[in-house]
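Novice: below is the sequence, then the predicted model.
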Amino acid sequence: MDLGIETLATISRGPVNERESPKPLHNALRKLARYQRRLAKKVKGSNGYRKLRLRIARLHKRIADIRVNTLHQLTSYLSDHFAEVVIEDLNIKGMMANGRLARHIADVGAFEFRRQMTYKMDWRGGVLTVADRWYPSSKRCSACGAHRPDLTLADRVYHCQVCGHRQCRDANASKNLENYTARSAGIHAAGDDGSARAV
């Protein structure tokens with residue numbers, strides 16, 4: 001399963017392959033900014049000030065509740081339907097250092113997703129496999145295994161320059177993560193050519 005920003009989750013198997021991100025913070029930003037501007041003009045300690053602070057707190061609580069509920073639905077679906085789930089070991093701290101992406105990454109709740117997956121797979125007796133941080137799931141062709149190091153974040157469709165395979169970038173990554181365990185163990189997997197290839 002590949003975690004993303006626009007599409008919250010891309011799953012390699014199952015009837016529902018994509019889960020859209022609700023983007024609760026992004027959708028509430030205008031209202032939040034309006035409340036903050038009004039709060040700045042209020043007299044601190046006044047009844048109006050306290051009421052507006054309470055309204056802002058409720059909005060933040062609603063944003064958090066939407067995010068957590070969405071993640072609970074996703075993690076419950078995955079742990080109920082699959083005996084093994086493979087996810088990426090994302091460098092959340094490093095990603096949050098990117099000013100252009102930080103808010104969007106925080107809106108997804110990647111750390112909370114991994115926390116929920118860990119205990120839910122344990123509850124149901126499943127296996128949660130975390131792919132190595134440097135495993136190039138997005139840059140490897142899921143059909144032939146060729147590596148494309150020049151792929152950028154702007155490239156939303158993976159086009160293999162070796163076999164001509166074309167696929168949505170996230171779907172390609174999720175398929176590679178599905179094959180991760182077999183490849184890393186040196187076992188022939190879908191997308192490998194005749195010889196086993198260790199990652």
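Specialist: Right, received. Where do you want to start?
Novice: C-alpha only now, for contacts and for neighbours.
Specialist: Will do.
Novice: buried set for whatever helix or strand R38 lives in?
Specialist: Per DSSP states H and E, R38 falls inside helix 24-40. Going by neighbour count (16 or more other C-alpha atoms under 10 Å), the buried part of helix 24-40 is P24, L25, L32, Y35, L39.
Novice: from H26, how far out is R133?
Specialist: 28 Å (C-alpha to C-alpha, to the nearest Å).
Novice: related to what we said a few turns ago, as TSV, the buried residues of helix 24-40 with distance to V86 and pLDDT would be great.
Specialist: Output for those, formatted as TSV (distance: C-alpha to C-alpha, whole Å; pLDDT from 0 to 100):
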residue	distance to V86	pLDDT
P24	26	93
L25	27	92
L32	36	96
Y35	41	96
L39	45	95
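Novice: widest-spaced pair of these?
Specialist: Largest separation among those by C-alpha to C-alpha: P24 and L39, giving 21.5 Å.
Novice: quick revisit: elements contacting the helix holding R38?
Specialist: Other elements packing on helix 24-40 under the criterion 3 or more C-alpha pairs under 8 Å, 6 or more residues apart in numbering; DSSP states H and E are helix 47-81, helix 102-108.
Novice: of all these, which one is nearest S142?
Specialist: When the helices and strands packed on helix 24-40 are compared (using C-alpha to C-alpha), the closest one is helix 47-81, at 21.5 Å.
Novice: now that closest one: average pLDDT?
Specialist: Average pLDDT, helix 47-81: 95.
Novice: that helix vs helix 24-40, what angle?
Specialist: 170 degrees (axes from the mean of the first three to the mean of the last three C-alpha atoms, to 10 degrees).
Novice: for R53, see how far away the spatially most distant residue from the centre of the chain is.
Specialist: In the chain, the greatest distance from the average C-alpha position (C-alpha atoms, centre = their mean) is reached by S46, at 42.2 Å. Look at S46 and R53: by C-alpha to C-alpha, they are 11 Å apart.
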